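K.L.:
Here is my input, please return the structure:
(one chain, ligands or ions: 2)
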Amino acid sequence: MAPGAARLVTNAVPSGPMPIESPGGEAAAPPVFQVRGLSKVYRTGEVEVHALRGIDLEVRRGEFIVLLGASGSGKSTLLNILGGLDVPSSGTVRFGERDLSAAGEAELTRYRREHVGFVFQFYNLIPSLTVRENIALVTDIVSDPMPIDESLGLVALMPRRDHFPSQLSGGEQQRVAIARAIVKRPEVLLCDEPTGALDYETGKLVLDVIARINRELGTTAIVITHNAAIAGMADRVVRLGDGRILSIESNPHKLSPSELKW
Ligand SMILES: Nc1ncnc2c1ncn2[C@@H]1O[C@H](COP(=O)(O)OP(=O)(O)OP(=O)(O)O)[C@@H](O)[C@H]1O
Ligand SMILES: [Mg+2]
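P.N.:
Residues are numbered from 1 along each chain as shown. Ligands and ions are numbered 1, 2, ... in the order given. Have a look, this model is predicted:
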């Protein structure tokens, strides 16, 4: 449902009532996300699918969270609700002090534009625009973007700024998609199987970029993957099964992607 939305999530309007917090996320700071009793039921005709069945979760500022779980366990549904692309059937989702579960469509759109960077398995770049121009679609309309070249520097693609997507490898295209997601300086970076279409080595490069952004910009990152080896990179690993949280594990010794063994 979500991938096509990525290219729309690019606008910015002056900020709403967001709490001001220090990047370190001191004790006084509320969590970035606070999820309580979150359920999602999809109804299509006679068929009901219980995608999420009572999720409780807090995500702290600057955390790197990996979301694991079998196909159909509800990972994308949860990420989409956190990103304001979908709404819960019941329960609450707060982003800082903002209640996303009570927000209307216009407020959710504003929330996505201002605060959320999305990265999906497929890159959703505009083929007729260069790398720079793809990112400029965002910087033209947000209030305080970083310079395009800075975003390209973070993904190590400065020399490719005037190339078209078709002239780039899959991993390079995904790095452009990451640059496009972070150029607006989002508080959260939500990634749904960002390495799903990439080979082993390329996938590692892309993860390295996400880890670096989390580290250097302090951007809270939530990454869905089918690859349990990626879990070694995370501060916490959340496992979903059949719409429920099966386990949440903290990772005392975070590994860099280059140390991961797949
Ligand atoms: N728009 C929708 N309409 C109906 N059912 C849906 C919809 N979106 C998701 N579902 C169902 O909700 C359940 C959870 O889906 P979700 O996409 O969150 O799983 P997932 O863990 O991301 O799986 P995958 O690893 O295959 O991407 C699945 O049974 C799916 O079929
Ligand atoms: Mg999914």
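K.L.:
where in this protein is pLDDT low?
P.N.:
1-29, 261-262 (pLDDT under 70).
K.L.:
So which residues of it form strands?
P.N.:
33-44, 47-59, 64-69, 90-95, 98-99, 116-120, 188-192, 220-224, 236-241, 244-250 (DSSP state E).
K.L.:
List the contacts of the longest one.
P.N.:
Contacts of strand 47-59 with the rest of the structure, by C-beta atoms under 8 Å, 6 or more residues apart in numbering, involve 31-43, 65, 74, 77-78, 81-82, 88, 91, 220, 222, 238, 242-245, 248. Every residue, glycine included, has its C-beta placed from N, CA and C.
K.L.:
In ChimeraX, select just the buried ones from these.
P.N.:
Applying 16 or more other C-beta atoms under 10 Å to those, the buried members can be selected in ChimeraX as follows:
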select :31,32,33,34,35,38,39,40,65,74,77,78,81,82,88,91,220,222,238,243,244,245
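K.L.:
Near ligand 1, which residues of the stretch 51-200 of the chain are found?
P.N.:
Taking C-beta under 6 Å from any ligand atom, the part of the stretch 51-200 of the chain that reaches ligand 1 is made up of 51, 69, 71, 72, 73, 74, 75, 76, 77.
K.L.:
Restricted to buried residues, select the residues you listed in PyMOL.
P.N.:
In PyMOL, this line selects whichever of these come out buried by 16+ other C-beta under 10 Å:
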select buried, resi 51+69+73+74+75+76+77
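K.L.:
so which of the residues of the stretch 51-200 of the chain next to ligand 1 would you say is closest to residue 142?
P.N.:
Nearest to residue 142 among these: residue 76, at 25.2 Å, using C-beta to C-beta.
K.L.:
List the contacts of residue 164.
P.N.:
127, 128, 129, 130, 131.
K.L.:
And the buried ones among those residues, selectable in PyMOL?
P.N.:
Those of the contacts of residue 164 that count as buried under 16+ other C-beta under 10 Å are selected in PyMOL with:
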select buried, resi 130+131
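K.L.:
quick one: terminal-to-terminal distance for stretch 164-171?
P.N.:
End-to-end distance for stretch 164-171: 14 Å, by C-alpha to C-alpha, to the nearest Å.
K.L.:
residues in contact with residue 131?
P.N.:
Neighbouring residues of residue 131 by C-beta under 8 Å, 6+ apart: 152, 157, 160, 161, 162, 163, 164, 165, 168, 176, 179.
K.L.:
Which of those fall in helices?
P.N.:
152, 176, 179 (DSSP state H).
K.L.:
which one among these gets closest to ligand 1?
P.N.:
residue 176 (22.8 Å; C-beta to the nearest ligand atom).
K.L.:
Can you flag which of the contacts of residue 164 belong to helices?
P.N.:
Per DSSP H, the subset of those in helices is residue 131.
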